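S.K.: model this:
(one chain, ligands or ions: 1)
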Amino acid sequence: MQFGEHMVDQSDWRLRGQAKYLKGVALQWRVYKQFAPHWDHDHCEFCWAKFMDRDLANVLREGYVTLDGDRWICSQCYDDFKEMFEWNVQTPK
Ligand SMILES: [Zn+2]
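M.R.: Residues are numbered from 1 along each chain as shown. Take a look at the predicted model:
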């Protein structure tokens with residue numbers, strides 16, 4: 001069997017049961033904004049990459065997020081898992 005370069009399967013190290021709450025959900029591409037004084041970052045639900053709205057090394061400034069702003073997914077993990085999770089990406093109006 002031939003696998004593409006970005007094919008992932010259920011044994012991928014980033015999978016920890018996210019399908020229970022992230023499968024088929026709606027996502028939006030957003031610039032990360034700190035929304036509470038004591039909550040200055042979030043992590044990618046899959047690879048744990050850090051999202052912040054500051055210019056720091058190894059920090060992501062934008063990514064995919066659930067519509068409630070709760071769960072962030074980096075673009076690499078989005079690309080790797082979009083077939084598996086069947087996300088519904090919405091464009092902001
Ligand atoms: Zn990620």
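S.K.: how many other residues sit next to the closest residue to Leu67 other than its chain neighbours?
M.R.: Of all residues not flanking Leu67 in the chain, Ala26 sits nearest, at 5.3 Å (C-beta to C-beta, 6 or more residues apart in numbering). The way it works is simple: take the backbone N, C-alpha and C, and place the C-beta from them, glycine included. Counted with other C-beta atoms under 10 Å, the burial measure for Ala26 works out to 11 neighbours.
S.K.: list the contacts of Ala26.
M.R.: Contacts for Ala26 (C-beta atoms under 8 Å, 6 or more residues apart in numbering) come out as Thr66, Leu67, Trp87, Asn88, Val89, Gln90.
S.K.: how close does it sit to His38?
M.R.: Distance from Ala26 to His38, counting by C-beta to C-beta, to the nearest Å: 28 Å.
S.K.: Arg14 too?
M.R.: As judged by C-beta to C-beta, Arg14 and His38 stand 27 Å apart.
S.K.: of those two, who's got more company?
M.R.: Set Arg14 next to His38 and count neighbours by other C-beta under 10 Å: Arg14 wins out with 15 against 5.
S.K.: the more buried one contacts Leu22, doesn't it?
M.R.: No. Assessed by C-beta atoms under 8 Å, Arg14 is found out of contact with Leu22, at 11.7 Å.
S.K.: which residue packs closest to the residue nearest the centre of the chain, ignoring adjacent ones?
M.R.: The centroid of the chain falls nearest to Ile73 when counting by C-alpha atoms, centre = their mean (0.6 Å). Distance criterion C-beta to C-beta, 6+ apart; nearest residue to Ile73, sequence neighbours excluded, is Tyr64 at 4.4 Å.
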